[in-house]
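A.B. asks: Structure for this input, please:
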Amino acid sequence: MRVLHTSDWQIGRAFGFADDATRAVLHDERLEVIGRLGRLAQEHAAAAVLVAGDVYDVADPSDHTLRQPIERMRQFPALEWHLIPGNHDPHTPNGLWDRLRRGSLPANVRLHLAPEALAIGDASAAGAAWIVPAVLTRRHALGDPTACLDAIATPEGAIRLGLAHGSLRRFGNDDSTTHNLIAFDRADRAGLAYLALGDWHGAQGIGSRSWYSGTPETDAFDTGGASPGFSGGGGGGEALLVQVDGPRALPEVTRHRVGRFHWRQETATLNAIADIDLLDTRLRGLQPDLSTLLVSLRVEGALSLSAREAYERRIRGDAASALRALRLDDAGLRPEPSPADLEAIDHAGFVRVAADRLARQAADLANPQRGLAAAALQRLYVLHMRRADPNTGTGAPGAGA
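C.D. replies: Numbering: from 1, shown residues only. Next up, the predicted model:
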């Protein structure tokens, strides 16, 4: 038996940090990846796709959002798609799953809304595989949501494939901080050949029979990597091809890249033009196709006014335009005007007096308006440089008279 394991599609995710154009692209790509999953399953002769919860990002999507992934799955009529609710889209009375069930659901899309086993393909075939589902009926389950799997009956000799959504790892310091906590040995307790899990957005293996597939299209900068007790590790963008040769045979799991976008967290300390050069080169070297790259960048350090102008132009301007998105935190980047900076603004007079005062205020760590003073000083410098040479075309984005 060969299946494709995926989860956490999060259809309808908002991506509030991005601009409108980027949000639209990210939203559409979460639908486009369903087609890539279907083609991957067909290419490797998988009998079914197991979707381990959080198909949707919210519990009450619009009718249009509700139907979009279903229509993508309809395009693969020979492939079974098995879906369970997750903590973002639990099965509540008259909720989204009842709405789907009342609609025109394709025959190849199977909703698991009760703790009952369902065969993949021909249930009468010897050694058939059966889905053994755990169903979340609320965002936070009381107790282990997979405890029911132990008692769900399947025919003798069947390959039991568990399908669940919850946490096999402890994200906090104690169990009270973790919701939907699953017993670490649930696969063995329930006699499962394989336990397909959703919730953790990076692919992770736990023991020999339990895996998180991760989200097929990465959706956050903090999607995790490998942890103690977990094999593999990654930031999403994958699906798992799983082959099981018998009821108690160990599963063979192969990871496949299906995501289009890459999300990176980066930090940099900038104190000179040379540091800006290095940062620019590093950002442009993260991916061959920068239009598929989203970066969350935290910058610290101290720059002269002339170096800050170069930073605004090359990082906030040019590099940000090359990337799909740049989320920039440069609150820790302090102004350190050089004597040459201040001389460039004015040698004497009221403008120089204002520049000196702004410089002192920006350098005062106790000044609650030091950020405003730094921005004003930088603006003053840029305006002066534009006036001195209007043909340079330099200056911080948004800076004007």
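
A.B. asks: thought residue 242 was touching residue 249?
C.D. replies: No. In terms of CB atoms under 8 Å, residue 242 does not count as a neighbour of residue 249; the distance is 11.4 Å. Every C-beta, even on glycine, is put in place using the N, C-alpha and C of the backbone.

A.B. asks: who has more neighbours, the two?
C.D. replies: When neighbours are counted by other CB atoms under 10 Å, residue 242 and residue 249 differ, and residue 242 comes out ahead with 22 against 13.

A.B. asks: residues contacting that one?
C.D. replies: Residues in contact with residue 242, defined by CB atoms under 8 Å, 6 or more residues apart in numbering, are 2-5, 194, 196, 211, 251-254.

A.B. asks: Which one of the residues you listed is nearest to residue 355?
C.D. replies: Minimum distance to residue 355 across the contacts of residue 242 is 60.3 Å, recorded for residue 211 (CB to CB).

A.B. asks: where are the low-confidence patches of the protein?
C.D. replies: For the chain, the stretches flagged by pLDDT under 70 are 126, 169-178, 223-234, 341-342, 345-349, 382, 385-401.

A.B. asks: ok, back up a step: export the contacts of residue 242 to CSV and tack on distance to residue 161, neighbour count and secondary structure?
C.D. replies: As requested, the contacts of residue 242 are arranged in CSV below (distance: CB to CB, whole Å; neighbours: other CB atoms under 10 Å; DSSP: H, G, I helix; E, B strand; the rest coil):
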residue, distance to residue 161, neighbour count, secondary structure
2, 11, 16, strand
3, 7, 28, strand
4, 12, 28, strand
5, 9, 29, strand
194, 5, 29, strand
196, 7, 30, strand
211, 11, 29, strand
251, 9, 25, coil
252, 14, 12, strand
253, 13, 20, strand
254, 16, 10, strand
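
A.B. asks: elements contacting the host helix or strand of residue 33?
C.D. replies: Secondary-structure element containing residue 33, defined by DSSP states H and E: helix 20-43. Helices and strands touching helix 20-43, by 3 or more CB pairs under 8 Å, 6 or more residues apart in numbering; DSSP states H and E, are strand 2-6, strand 48-51, helix 63-74, strand 238-243.

A.B. asks: Out of those, which is closest to residue 179?
C.D. replies: strand 48-51 (20.2 Å).

A.B. asks: So what touches the closest one?
C.D. replies: In this structure, residues lying in contact with strand 48-51 by CB under 8 Å, 6+ apart are 3-7, 9, 37-38, 41, 79-84, 120-121, 131, 161, 163, 196, 198.

A.B. asks: Could you do stretch 263-274 as well?
C.D. replies: Surrounding stretch 263-274, the residues in contact under the criterion CB under 8 Å, 6+ apart are 218-223, 235-236, 275-276, 278-279, 282-283, 286, 293-303, 307, 310-311, 333.

A.B. asks: Which of the residues you listed are buried, as a PyMOL select command?
C.D. replies: Those of those that count as buried under 16 or more other CB atoms under 10 Å are selected in PyMOL with:
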select buried, resi 218+219+220+221+223+235+236+275+276+279+283+293+294+295+296+297+298+299+301+302+303+307+310+311+333
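
A.B. asks: Filter the contacts of stretch 263-274 down to just the ones in helices.
C.D. replies: Here DSSP state H is the test, and those give 275-276, 278-279, 282-283, 307, 310-311 as lying in helices.

A.B. asks: tell me which of the residues you listed is nearest to residue 14?
C.D. replies: Checking these against residue 14 by CB to CB gives residue 283 as the nearest, at 25.6 Å.

A.B. asks: Name all residues that make contact with the residue lying closest to the closest one once chain neighbours are set aside.
C.D. replies: Nearest residue to residue 283 in three dimensions, chain neighbours excluded: residue 319, at 5.0 Å (CB to CB, 6 or more residues apart in numbering). For residue 319, the contacting residues are 280, 283-284, 326, taking CB under 8 Å, 6+ apart as the criterion.

A.B. asks: Count the neighbours of the closest residue to residue 140 other than its chain neighbours for me.
C.D. replies: Leaving aside its sequence neighbours, residue 140 sits nearest to residue 179 (CB to CB, 6+ apart; 4.3 Å). In terms of burial, residue 179 registers 17 neighbours under the definition other CB under 10 Å.
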